[in-house]
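Engineer: I would like to see how this sequence folds:
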Amino acid sequence: MSRRSNPAIHRVRGTGSIRRGVLTPQAATQIDSMHLLMSPRFVFPFDYNHPRPPRELSSTLGGKGANLAEMTSVLNLPVPPGFTISTEACSGALHGAWPDGLREEIERGLAALEQRVGRTLGDPNDPMLVSVRSGASSSMPGMLDSILNLGLNPASVKGLARQTGDERFALDSYRRFVSMYARVVLGISGDLFDTALASQMTASAVVDPSGLTSEQLQLVLGQSLAAVRDTTGSSFPENPMDQLEGAIDAVFRSWMSPRAMAYREREGIDHGLGTAVNVQLMVFGNRDERSATGVGFTRNPSTGEQTPFGDVLFNAQGEDVVGGVRKTLPLSELGHRLPQVYAELLEIFHRLELHYRDMCDTEFTVEQGALWMLQTRSGKRTGRAALRIAVEMASDPAIGLTRDEAVSRVTDEHLEQVLRPQTGQQASSTIATGLGASPGIAVGRVYFSADAAVEAVNRGEVVILVRPETSPEDVHGMSAAEGVLTVRGGLASHAAVIARSWGVPAVVGVEALELGTHSFTVGEIDVAEGDVISIDGTTGGVSLGTTEVMAADRPEELDTILAWKQELQPAVIR
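Structural biologist: Model prediction:
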């Protein structure tokens, strides 16, 4: 929670550490001792005293949990406290039942977190809320499930409103929680909740949910809770511990979802690894206009240029950025609106690069002017960016990659990307322009669902997948497609991140497109399913028909990497 509204936990400026405001020093010491004495089999607080650096424990803590622990205990960055449930627990849960003792360990971990922040999960007077997020050992962006704002019910939402003095914020958080929990845990179609929200926005003449009043949010909530009752025959769960167990189990189960399995097949990730689960104190980017949420890369993942890159939304939560539901702003906008926060974020970017010796992908939240880091990992990048980053980091004495390390950062797929034809003549038939999210030219027949795209590819067609915005459920279609085109979303949206990592040309945020079920229109131009279009993932252009495709310029870093590779492995290069 924010420093203003939660005296039990706030950041110490200049250190990023957590100060226990309502706890006595003796109580704080007892809590830290509890962490060490617990010796958990499955549950590890972020500040647990591991025998090795946490970043080396991703096989147990998952990538997200390992890096949360690293940022907390090694880098001393501003990270909301929480605990990680290990991948071993997931492996047991997927075999039919939670491992013996897991519930008890979760209860102890939760009790320690509650003591630390001076709040209780779902307390009707002053509730602590948590997020429940996945975290596989290998990065699988967006493929596994997460739940935000857990702990809300009809009583605690009133307590949150009283505690923050902001009824609208409390209702918006509850609305988000009901929708997300119902989709992920209860398996209810998200269309029911999207329709309720969209109908109220239309009736209220607002362009996004932040424009809805408390009274209008109450109507959306009523429809959402009724949808749960009508679909399941039961009321939405109100007990916070039931909510928590349901969320943890759903995250475990998401490991075997079709989208996650399709992604692992594409990436060559072992299906037997399982995911960790991270339970973390909620901080809120949807408090007010001095609050925000964003995704930031320490360098440009398309070009490798050493400039910060990413998307930010004000008065929003994380799913708004990656889901493409709201139009994002470039990361630099944070510098215009909250310059001190932006300066702090850039300093953290610098520290992360020096520590991890790699380009990092981060998620962050700003709550009423206070910056909190929610994740870091090695950033997905294009082949051209991989070459530039590897060479520049090997030449930078502050980072000092060895040539062997630099060569290992450039995969065969990266090399294939930079040698693939990626540029073309500017088409005279350009009909719309969006954001160039993943470089390259793609020419193909348009299809409007992932399933239709896969079926067309199986018939031998070359396909452009066109979506309002992509979601993890579209991953099999994205893998099959030659290119991806979306109406909504920014440069850190799901479509952009996945397409960029796979070297698939992508154009996002083409707002001029009006999508139908089997066609789209731009002005007076109609494009039907099966028609041929071209997209340019560098310029963001969308054209009718084919575009001449030519070989891309050979980046000078390619020759450097090949020369280093030959020095290191002379028998491999002929």
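Engineer: only C-alpha atoms for contact and neighbour calcs from this point on.
Structural biologist: Will do.
Engineer: Alpha carbons of stretch 147-164, as PDB, please.
Structural biologist: Below are the C-alpha coordinates for stretch 147-164, written out as PDB (Å, rounded to 0.1, in the frame of the first residue of the first chain):
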ATOM      1  CA  ILE A 147      -4.300 -12.800 -10.000                       C
ATOM      2  CA  LEU A 148      -4.200  -9.300  -8.600                       C
ATOM      3  CA  ASN A 149      -6.100  -7.600  -5.700                       C
ATOM      4  CA  LEU A 150      -6.700 -10.900  -3.900                       C
ATOM      5  CA  GLY A 151      -8.400 -10.500  -0.500                       C
ATOM      6  CA  LEU A 152     -11.400  -8.300  -1.600                       C
ATOM      7  CA  ASN A 153     -15.000  -9.100  -0.700                       C
ATOM      8  CA  PRO A 154     -18.100  -7.000   0.100                       C
ATOM      9  CA  ALA A 155     -16.700  -6.200   3.600                       C
ATOM     10  CA  SER A 156     -13.000  -5.600   2.800                       C
ATOM     11  CA  VAL A 157     -13.800  -3.400  -0.200                       C
ATOM     12  CA  LYS A 158     -15.600  -1.100   2.200                       C
ATOM     13  CA  GLY A 159     -12.600  -1.200   4.500                       C
ATOM     14  CA  LEU A 160     -10.200  -0.400   1.600                       C
ATOM     15  CA  ALA A 161     -12.400   2.500   0.700                       C
ATOM     16  CA  ARG A 162     -12.400   3.900   4.200                       C
ATOM     17  CA  GLN A 163      -8.600   3.300   4.600                       C
ATOM     18  CA  THR A 164      -7.700   5.000   1.400                       C
END
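Engineer: Mean confidence (pLDDT) on that stretch, please.
Structural biologist: The pLDDT scores in stretch 147-164 average 96.
Engineer: ok, now stretch 57-68?
Structural biologist: With pLDDT averaged residue by residue, stretch 57-68 scores 96.
Engineer: Give me the below-cutoff pLDDT ranges for the protein.
Structural biologist: For the chain, the stretches flagged by pLDDT under 70 are 1-40, 323-325, 421-428, 551, 570-574.
Engineer: domain assignment for it?
Structural biologist: 1-90+97-117+254-280, 283-380, 382-414+555-568, 423-550 (automatic domain parsing).
Engineer: Present these as TSV; the columns should include mean neighbour count and distance to residue 208.
Structural biologist: Below are the domains of the chain laid out as TSV (neighbours: other CA atoms under 10 Å; distance: least, CA to CA, whole Å):
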stretch	mean neighbour count	distance to residue 208
domain 1-90+97-117+254-280	19	24
domain 283-380	21	7
domain 382-414+555-568	18	32
domain 423-550	22	13
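Engineer: what about those, which gets the closest to residue 139?
Structural biologist: domain 1-90+97-117+254-280 (6.8 Å; CA to CA).
Engineer: Quickly note the distance from residue 349 to residue 451.
Structural biologist: Separation of residue 349 from residue 451 (CA to CA, to the nearest Å): 39 Å.
Engineer: Tell me both backbone torsions, phi and psi, for the closest residue to residue 190 other than its chain neighbours.
Structural biologist: Leaving aside its chain neighbours, residue 190 sits nearest to residue 183 (5.7 Å; criterion: CA to CA, 6 or more residues apart in numbering). Note on residue 183: its backbone torsions stand at phi -70, psi -50 [degrees, to the nearest 10].
Engineer: Just give me the neighbour total for residue 183.
Structural biologist: By other CA atoms under 10 Å, 19 other residues sit near residue 183.
Engineer: How much space separates it from residue 170?
Structural biologist: In terms of CA to CA, residue 183 sits 20 Å off from residue 170.
Engineer: OK, contacts around residue 291?
Structural biologist: 284-285, 314-316, 365-369 (CA atoms under 8 Å, 6 or more residues apart in numbering).
Engineer: Turn the domains of the chain into JSON lines, columns for distance to residue 231.
Structural biologist: Listed next are the domains of the chain as JSON lines, based on distance: least, CA to CA, whole Å:
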{"stretch": "domain 1-90+97-117+254-280", "distance to residue 231": "21"}
{"stretch": "domain 283-380", "distance to residue 231": "24"}
{"stretch": "domain 382-414+555-568", "distance to residue 231": "43"}
{"stretch": "domain 423-550", "distance to residue 231": "21"}
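Engineer: which stretch among those comes nearest residue 193?
Structural biologist: Among the domains of the chain, domain 283-380 comes nearest to residue 193, with 13.6 Å by CA to CA.
Engineer: What are the phi and psi values at the residue nearest to residue 497 when sequence neighbours are not counted?
Structural biologist: Nearest in space to residue 497, with sequence neighbours left out and distances taken as CA to CA, 6+ apart, is residue 380 at 7.1 Å. Residue 380 adopts backbone torsions of phi -70, psi 140, taken as degrees, to the nearest 10.
Engineer: quick one: secondary structure of residue 363?
Structural biologist: Here residue 363 is recorded as strand under DSSP: H, G, I helix; E, B strand; the rest coil.
Engineer: Look up which residues are beta-bridged to it.
Structural biologist: Beta-bridge partners of residue 363, counted by DSSP bridges, are residue 295, residue 375.
Engineer: hang on, it packs against residue 374?
Structural biologist: Yes. Using CA atoms under 8 Å, residue 363 is in contact with residue 374, at 5.3 Å.
Engineer: Kindly provide the distance from the residue nearest to residue 497 to residue 137.
Structural biologist: 15 Å.
Engineer: Could you do residue 211 as well?
Structural biologist: Counting by CA to CA, the gap from residue 211 to residue 137 is 39 Å.
Engineer: okay, those two: which has more neighbours?
Structural biologist: Ranked by neighbour count (other CA under 10 Å), residue 211 and residue 137 place residue 137 first, with 21 against 13.
Engineer: Provide a list of residues in contact with the nearest residue to that one once chain neighbours are set aside.
Structural biologist: Excluding the flanking residues, the one nearest residue 137 by CA to CA, 6+ apart is residue 62, at 4.0 Å. By CA under 8 Å, 6+ apart, the contact set of residue 62 is 86-87, 135-138, 275-276.
Engineer: And the closest residue to residue 386 other than its chain neighbours, which helix or strand is it part of?
Structural biologist: Leaving out its chain neighbours, the residue that sits closest to residue 386 by CA to CA, 6+ apart is residue 410, at 5.9 Å. Using DSSP states H and E, residue 410 falls within no helix or strand.
Engineer: Residue 410 and residue 385 touch, don't they?
Structural biologist: No. Using CA under 8 Å, residue 410 is not in contact with residue 385, being 9.5 Å away.
Engineer: Check the secondary structure at the residue lying closest to residue 134 once chain neighbours are set aside for me.
Structural biologist: Of all residues not flanking residue 134 in the chain, residue 277 sits nearest, at 4.7 Å (CA to CA, 6+ apart). Following three-state DSSP, we place residue 277 in the strand state.
Engineer: Residue 299 falls within a helix, correct?
Structural biologist: No. Per three-state DSSP, residue 299 lies outside any helix segment and is coil.
Engineer: give me every residue that touches it.
Structural biologist: 305-309, 359-360.
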